[in-house]
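> below are the sequence and a predicted model; questions follow.
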Amino acid sequence: MATPNYSYEKRQRELAKKRKNEEKRQRKLNPKDGAEGQPDDNAPAAAAEGAPTEPGSDKPAPAAG
């Protein structure tokens, strides 16, 4: 039976800690970005209202029916 590679496991834990600390540092540098995983409130509304539905046209697409 093979022996466990403790140094590999330790390295993975160290990398996870480093990654977590880096994410924490980025959140502190950019507090106005909001929490991760929360959608931006004004992005979907702006895209739905201002964007034309036909590519290359200022007019909305004709209604089917």
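Received it, and whenever you're ready, just let me know what you need. All values reported here derive from a predicted model rather than from experimental measurement.
> any stretches of this structure with poor pLDDT?
Scanning the chain for pLDDT under 70 picks out 33-65.
> so in the protein, which helix runs the longest?
Scanning the chain for the longest helix, with DSSP state H as the assignment, gives helix 6-29.
> other SSEs contacting it?
Where contact means 3 or more Cβ pairs under 8 Å, 6 or more residues apart in numbering; DSSP states H and E, helix 6-29 is not packed against any helix or strand. Any C-beta I mention is one placed from the backbone N, CA and C, and that applies to glycine too.
> what about dumping the CA coordinates of it to PDB?
Provided in PDB are the C-alpha atoms of helix 6-29 (Å, rounded to 0.1, in the frame of the first residue of the first chain):
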ATOM      1  CA  TYR A   6       1.700  14.700   3.400                       C
ATOM      2  CA  SER A   7       3.800  17.400   1.800                       C
ATOM      3  CA  TYR A   8       1.300  17.500  -1.200                       C
ATOM      4  CA  GLU A   9      -1.600  17.800   1.100                       C
ATOM      5  CA  LYS A  10       0.100  20.600   3.100                       C
ATOM      6  CA  ARG A  11       1.000  22.400  -0.100                       C
ATOM      7  CA  GLN A  12      -2.700  22.300  -1.200                       C
ATOM      8  CA  ARG A  13      -3.800  23.700   2.200                       C
ATOM      9  CA  GLU A  14      -1.300  26.500   1.900                       C
ATOM     10  CA  LEU A  15      -2.400  27.300  -1.600                       C
ATOM     11  CA  ALA A  16      -6.000  27.400  -0.500                       C
ATOM     12  CA  LYS A  17      -5.200  29.800   2.300                       C
ATOM     13  CA  LYS A  18      -3.200  32.000   0.000                       C
ATOM     14  CA  ARG A  19      -6.100  32.100  -2.500                       C
ATOM     15  CA  LYS A  20      -8.600  32.900   0.200                       C
ATOM     16  CA  ASN A  21      -6.400  35.700   1.600                       C
ATOM     17  CA  GLU A  22      -5.900  37.100  -1.900                       C
ATOM     18  CA  GLU A  23      -9.700  37.200  -2.500                       C
ATOM     19  CA  LYS A  24     -10.200  38.900   0.900                       C
ATOM     20  CA  ARG A  25      -7.600  41.500  -0.100                       C
ATOM     21  CA  GLN A  26      -9.300  42.100  -3.400                       C
ATOM     22  CA  ARG A  27     -12.700  42.600  -1.600                       C
ATOM     23  CA  LYS A  28     -11.100  45.100   0.800                       C
ATOM     24  CA  LEU A  29      -9.600  47.000  -2.100                       C
END
